[in-house]
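Undergrad: I'll drop the sequence and a predicted model, then ask my questions.
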Amino acid sequence: MSINNTDDNTSSGKGEDTLDLPTYDDVIEAARRLKGISHVTPVVTSRTLNKSLGISIFLKCEQLQRMGAFKFRGAYNALSRSTGGGVCTFSSGNHAQAIALSARLLNRSATIIMPNDAPKSKVSATKGYGGNIIFYDRYTQDREALARDYIAQQQQYHGIAFSFVPPYNHKDVIAGQGTAGKELMETVQTDHGIQALDYLFVCVGGGGLISGCSLAANALAPNCKVIGVEPEAGNDAQQSLEQGKIIKIDTPSTIADGAQTQAIGNLTFAIMKRRVDHIITVSDDELIHEMRYLGERLKMIIEPTGCLGLAGLRKMVSMDQIPSGANCGVILSGGNVDMDRYCDLVSSSS
Amino acid sequence: MQADKDQHCITLKDVKEASQRLKGMVKRTPLLKAPSSMNVEDKEFYFKVEAMQHTGSFKFRGALNATKSQIEQKKTPGPLAVVTHSSGNHAQAVALAARLCNTKENPVKPATIVMPRGAPQVKQEATKSYGGEVILCDNTNEARQETADLIMAERGATFIHPSENPLVIAGQGTIALEIIDQLQEFGLDAPDAIIIPVGGGGLASGNAVALRGLFSDKIKIILAEPEVLDDTKRSFESGQHVKHRPGNKLDSVADGLKTTLGPNTWPIVRDLVDDVIIVSEEDILRATKHTWEQLKVCIEPSAGVGVAVAIGKEFNSKYSTNQGIKNVAVILCGGNVDILETAKKMEQMGL
């Protein structure tokens, strides 16, 4: 699988009719593939939180997923569908661990191209899962070029076929991530008697999670509004949806290290255009506030990126944009954060 | 270990009744299979996250069972009044239980919580936020009990002891029933062992009664205690009920485990428990940090005591996978902690 086909991020040359987009059926297939492998993570509610915002919130706890983030779903789904002796990818952290763990489970070798300022815990966890790491400078180097070169070398000099599984712009990755949304909506039906969520808040980095979840929302709760949340400094997806084309930005400076992508992909853009209601942004301070709230009140350690969804929901409630009593799903995307960094961030909030 | 069950203050039946009484009002907290980074050897740990229970600890179960039972049994007219002394998790639990049980048909006054004057502002505020009325007294055991007695007399209030009240103990035992139920999803009928932190012994005894009632001697029941607060260990080893060593400053980071076994909890621990393992302050903090990072759950150090035993040398050498101990349940009893303060302590210990 060549990188160019699936990861031509900035090109709008390929007409959308010719894009091989995942559908909800692919999400259902992914769920079958993941059954017994990924965790069906809890959906948590809080009386205090609901009371304070006047709505009914359902938090999908993907920080409790294998390797501590939703990324495991897409990585395992994609890898289980691909062939070859090895897998290569680039990642700011969670996708790296996801690929490394998935590769170990499927008996493949994994090479991850990682930014040199990735959190220590993410680096060591990736190595712990057996991943082989190549570091790069996220502000100056081209990770796609590095991956391309690596795969070519492995084939040429070692005769090993490495498949490439990108972090988000990949049909099977998107379908895998969608299983989180599917599970959330099914749990809300069976455990809480709610036929359909009114809103679903999802963090946006490359758009894999929100794309997959919006496929599930469209099938299970067609009137559910899917709202994307990005860091203020990294609102490329918001700009892309507003301008009708993929906008690429410089690597944003934000504490949400899982949402520092420069551009969404052509696949995720195509799905988001159709299925996402709109995207809002939140400040780093708002993320820190959420981290503290989730830790102190709900006893959950959530990484900054993972707080985007709830921060966005809180913002919209404060702007009277969510009707009272609305049923709102929020994906807590992950909890992989160094405790030192966690404490530094949380102590900086008032 | 032939337990003379007639001598114990509760039986499995009381726990099952508690389960019915609490249905829909307590959270069926998650049972999380540990990530591989937390497992030791071939063991699989299953963490019961009572940190996510209402008011942030398992204490809510016992408090609610006691309060609701009082309403059922109440013969005198007028609203029910409850009182307790605690500055910790039990205070918040009783406060919320009283508030939730208060209905038009069966009014319940805001719970009265007697606290020593030095109790942290944060805990006083938390108790008030759950609807409790805080009354401060001098910082001695006598003063606490006297003040509580006064309130009982003046207001006709019922006293809810944090660990000796049989209804409280039965309420805590409902955790075991949930664990058994939740383990079915992992294809297991029961854990091979369970690790339970022990302070006053309410959690330990309620769950021991439930598990022995269901499975007899099949499950290893291990209590986890801070070395510095080792009254349960010393009682268990000697077969005599003893309190803390004289002069013990009770200086443990596990602030929820400072109380001792009592006349109701001791016989159950003596008769139904397999072992008591103690851990150092450093081990407790290390395990707490490990849980924050690997399980992504904010637990308080008292819960870290259980994790410290689970991943520690003594438990794993005495109860190894070779001996058939593979699936181990661990009760994460609570998550009411100041993360930043505790992180500082961890840093001071070089963790």
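TA: Thanks, I have the structure now. Numbering: from 1, shown residues only, chains lettered A, B, ... in the order given.
Undergrad: CA atoms for contacts and neighbours, from now on please.
TA: Will do.
Undergrad: now the residue nearest to the spatial centre of chain B: which helix or strand?
TA: For chain B, the residue whose C-alpha lies nearest the mean C-alpha position (Cα atoms, centre = their mean) is B:Leu203; its distance is 4.0 Å. When secondary structure is defined by DSSP states H and E, B:Leu203 falls within helix B:202-215.
Undergrad: for whatever helix or strand comes next after that helix, packing partners?
TA: Downstream of helix B:202-215, the first helix or strand assigned by DSSP H and E is strand B:220-226. On a contact count with 3 or more Cα pairs under 8 Å, 6 or more residues apart in numbering or on different chains; DSSP states H and E, strand B:220-226 meets strand B:193-197, strand B:275-279, helix B:301-311.
Undergrad: out of those, flag the one nearest chain A.
TA: When the helices and strands packed on strand B:220-226 are compared by Cα to the nearest Cα, helix B:301-311 sits nearest chain A, at 12.5 Å.
Undergrad: quick check on the residue nearest in space to the middle of chain A: phi, psi?
TA: Nearest to the geometric centre of chain A sits A:Leu209, at 4.3 Å (Cα atoms, centre = their mean). Note on A:Leu209: backbone dihedrals following degrees, to the nearest 10 are phi -70, psi -50.
Undergrad: then A:Gly86?
TA: Summarising the backbone geometry of A:Gly86 under the convention degrees, to the nearest 10, its torsions are phi -140, psi 170.
Undergrad: who in the stretch 201-350 of chain B is up against chain A?
TA: By the criterion of Cα under 8 Å from any Cα of the partner chain, the positions of the stretch 201-350 of chain B lying close to chain A are B:289, B:292-299, B:335-340, B:343.
Undergrad: out of those residues, which are buried?
TA: Among these, those scoring as buried are B:289, B:292-299, B:335-337, B:339, B:343 (criterion: 16 or more other Cα atoms under 10 Å in any protein chain shown).
Undergrad: show me where chain A has its strands.
TA: With DSSP state E, the ranges of strands along chain A come out as A:43-44, A:56-61, A:86-90, A:109-115, A:132-136, A:162-164, A:199-203, A:225-231, A:278-282, A:327-332.
Undergrad: and the second one, anywhere near chain B?
TA: No - using Cα under 8 Å from any Cα, we find that strand A:56-61 stays clear of chain B, coming within 10.0 Å at best.
Undergrad: and the contacts of that strand?
TA: A:41-46, A:49-50, A:180, A:184, A:188, A:325-334 (Cα atoms under 8 Å, 6 or more residues apart in numbering or on different chains).
Undergrad: mind doing that once more with 7 Å?
TA: Identification of contacts with strand A:56-61 by Cα atoms under 7 Å, 6 or more residues apart in numbering or on different chains yields A:41-45, A:50, A:184, A:325-332.
Undergrad: which member of the residues you listed is positioned nearest chain B?
TA: Closest to chain B out of the contacts of strand A:56-61 is A:Pro42 (6.8 Å), distances taken as Cα to the nearest Cα.
Undergrad: count of residues packed around that closest one?
TA: Around A:Pro42 there are 21 other residues, counting by other Cα atoms under 10 Å in any protein chain shown.
Undergrad: show me the residues of the stretch 201-350 of chain B next to chain A that map onto strands.
TA: Checking those against strands, none of them qualifies (DSSP E).
Undergrad: the chain: helices as residue ranges?
TA: All of this is about chain A. A:3-6, A:24-34, A:47-53, A:71-81, A:94-105, A:120-128, A:143-158, A:171-192, A:208-220, A:236-243, A:266-275, A:284-296, A:308-318, A:339-347 (DSSP state H).
Undergrad: ah, I was thinking of chain B
TA: Secondary structure of chain B (DSSP H): helices at B:12-22, B:59-73, B:89-101, B:121-129, B:141-155, B:166-183, B:202-215, B:231-238, B:265-272, B:281-295, B:301-311, B:313-318, B:339-348.
Undergrad: tell me how far the fifth one lies from the chain's centre.
TA: Put plainly, it is helix B:141-155. Relative to the centre of its chain, helix B:141-155 is centred 24 Å away, using Cα atoms, centre = their mean, to the nearest Å.
Undergrad: which other helices and strands contact it?
TA: Where contact means 3 or more Cα pairs under 7 Å, 6 or more residues apart in numbering or on different chains; DSSP states H and E, helix B:141-155 is packed against strand B:82-85.
Undergrad: apply 8 Å and report the result again.
TA: If contacts are counted by 3+ Cα pairs under 8 Å, 6+ apart, helix B:141-155 sits against strand B:82-85, strand B:112-116, strand B:133-137, strand B:158-159.
Undergrad: now do the third one
TA: The criterion is 3+ Cα pairs under 8 Å, 6+ apart, and the helices and strands that helix B:89-101 contacts are helix B:59-73, strand B:82-85, strand B:112-116, helix B:121-129.
Undergrad: most tightly surrounded among the ones you listed?
TA: Among those, ranked by average contacts under mean count of other Cα atoms under 10 Å in any protein chain shown, first place goes to strand B:82-85 (a mean of 27).
Undergrad: circling back to that earlier point, export the helices and strands packed on helix B:141-155 to CSV and tack on distance to A:Asn169 and mean pLDDT?
TA: Shown next, in CSV, are the helices and strands packed on helix B:141-155 (distance: least, Cα to Cα, whole Å; pLDDT from 0 to 100):
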stretch, distance to A:Asn169, mean pLDDT
strand B:82-85, 58, 94
strand B:112-116, 56, 93
strand B:133-137, 56, 95
strand B:158-159, 61, 96
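Undergrad: out of those strands, which gets nearest to chain A?
TA: It's strand B:133-137; of those, that one is closest to chain A (Cα to the nearest Cα) at 19.2 Å.
Undergrad: strands paired with the closest one, and their directions?
TA: If you go by DSSP bridges, strand B:133-137 pairs up with strand B:112-116 (parallel).
Undergrad: between the strand it pairs with and helix B:89-101, how big is the angle?
TA: Taking axes from the mean of the first three to the mean of the last three Cα atoms, to 10 degrees, strand B:112-116 and helix B:89-101 form an angle of 160 degrees between their directions.
Undergrad: centre of the chain to strand B:112-116, how far?
TA: Centre-to-centre, strand B:112-116 and its host chain are 19 Å apart (Cα atoms, centre = their mean).
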